[in-house]
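J.: show me the folded form of this:
(one chain, ligands or ions: 1)
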Amino acid sequence: MTADSTSGNAGGATAPPRLEVTALSKTYGSGANAKCVIEDLTFTVNTGEVVCIVGPSGVGKTTLLKCLAGLQPATSGTAAIDGRTIAGPPPEMALVFQDYSRSLMPWLTVRKNVRLPLRHLHLPTQEMNQRIDTALEAVGLAHAANQYPWQLSGGMQQRVAIARALAYRPEILIMDEPFASVDAQTRFELEDLCLKIREDFGMTILVVTHDIDEAVYLSDRVVVLGSKPARVLDVIGIDLPAPRDQISTRSLPEFAEQRTTVLSMIRKPA
Ligand SMILES: Nc1ncnc2c1ncn2[C@@H]1O[C@H](COP(=O)(O)OP(=O)(O)OP(=O)(O)O)[C@@H](O)[C@H]1O
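T.: Reported below is the predicted structural model:
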């Protein structure tokens, strides 16, 4: 099933999109050195949706995420939250990157790492502690609050990075290949954690991943990118029953069908 990339109404019949990317292009350099990395990208993410972006390696995902996070301007087109063009880091957004080992401070305990982004919110101490406790509880790391990142496994460190984003209570969570560096079992657990976060906190979640199965498992819709320059090939609605389950969902004939749809789209000659 293919959903129209501009209608974006999988999450509600008339609700406007939470995140709206419209004809977004990014060119680095100028003149003879100009390199168009992203061309005319248009897609939406609705409130409470999980949307995955898939595409070939080096497609320009970091470039796209930097534009969405307000860290660099688009060359043309817009990215907007609730209709407001993103011109700087949006306060309602948090990011989780793949490289958790570099995003955590090794000299701070888990608790202090999770507290880092909250310093700027000037919260009363009690509320700050409550947010940290709730976030650590949500990722199953309440017991590790006083340990240091280097005392934890890779999967646990990535949970700390996710807890840090959760404690900030973003309305929109953007994750860049967040589970790429962990073993298969941990990856499944973190995928389920992602779905649980959506249920528990009602977050809108955008995930970049190279893993087609992961994209189908997690998503309400999958945005398929073609490369050189990156452009939207299709937006595919994922029609699988909820709640999703690592064994039963992945065993469904519909899962295999949707996986094949996404894969053939990626492998189709440009
Ligand atoms: N600041 C920059 N100046 C010039 N070119 C850049 C810049 N940043 C990225 N690029 C180029 O844009 C292209 C896409 O890079 P980007 O990092 O966005 O891709 P990616 O999908 O994140 O890659 P990967 O999958 O390898 O992490 C690459 O060819 C890269 O060399």
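
J.: give the next helix or strand downstream of the lowest-mean-pLDDT helix or strand in the chain.
T.: Lowest on mean pLDDT, DSSP states H and E among the helices and strands of the chain sits strand 2-3, with a mean of 46. Next along the chain after strand 2-3, taking DSSP states H and E as the criterion, comes strand 19-28.

J.: what's the spacing between the helix or strand following that following strand and its chain's center?
T.: Counting by DSSP H and E, the next helix or strand C-terminal to strand 19-28 is strand 35-45. Remark: strand 35-45 is offset 16 Å from the chain centroid, using Cα atoms, centre = their mean, to the nearest Å.

J.: which parts of strand 35-45 are buried?
T.: 36, 37, 38, 39, 41, 42, 43, 44, 45 (16 or more other Cβ atoms under 10 Å). Backbone N, C-alpha and C define where each C-beta goes, glycine included.

J.: check contacts around the fourth one.
T.: Yep, that's residue 39 we're talking about. 25, 229, 230, 231 (Cβ atoms under 8 Å, 6 or more residues apart in numbering).

J.: separation between it and residue 148?
T.: Distance from residue 39 to residue 148, counting by Cβ to Cβ, to the nearest Å: 44 Å.

J.: for the third one, same thing?
T.: Applying Cβ to Cβ, one obtains 39 Å for the distance of residue 38 from residue 148.

J.: how about residue 139: what's its closest non-neighbour residue?
T.: residue 159 (4.1 Å; Cβ to Cβ, 6 or more residues apart in numbering).

J.: show me what whichever strand or helix holds that neighbour is packed up against.
T.: According to DSSP H and E, residue 159 maps onto helix 154-167. Where contact means 3 or more Cβ pairs under 8 Å, 6 or more residues apart in numbering; DSSP states H and E, helix 154-167 is packed against strand 93-97, helix 100-103, helix 110-115, helix 125-138, helix 184-201.

J.: closest to the ligand out of these?
T.: Nearest of the helices and strands packed on helix 154-167 to the ligand, taken as Cβ to the nearest ligand atom: strand 93-97 at 10.5 Å.

J.: now do the contacts for the closest residue in space to residue 194 that isn't next to it in sequence.
T.: What sits nearest to residue 194 in space, not counting adjacent residues and going by Cβ to Cβ, 6+ apart, is residue 218, at 6.1 Å. For residue 218, the contacting residues are 50, 52, 191, 194, 195, 207, 209, 244, by Cβ under 8 Å, 6+ apart.

J.: relative to residue 134, which of those residues is nearest.
T.: residue 194 (16.8 Å; Cβ to Cβ).
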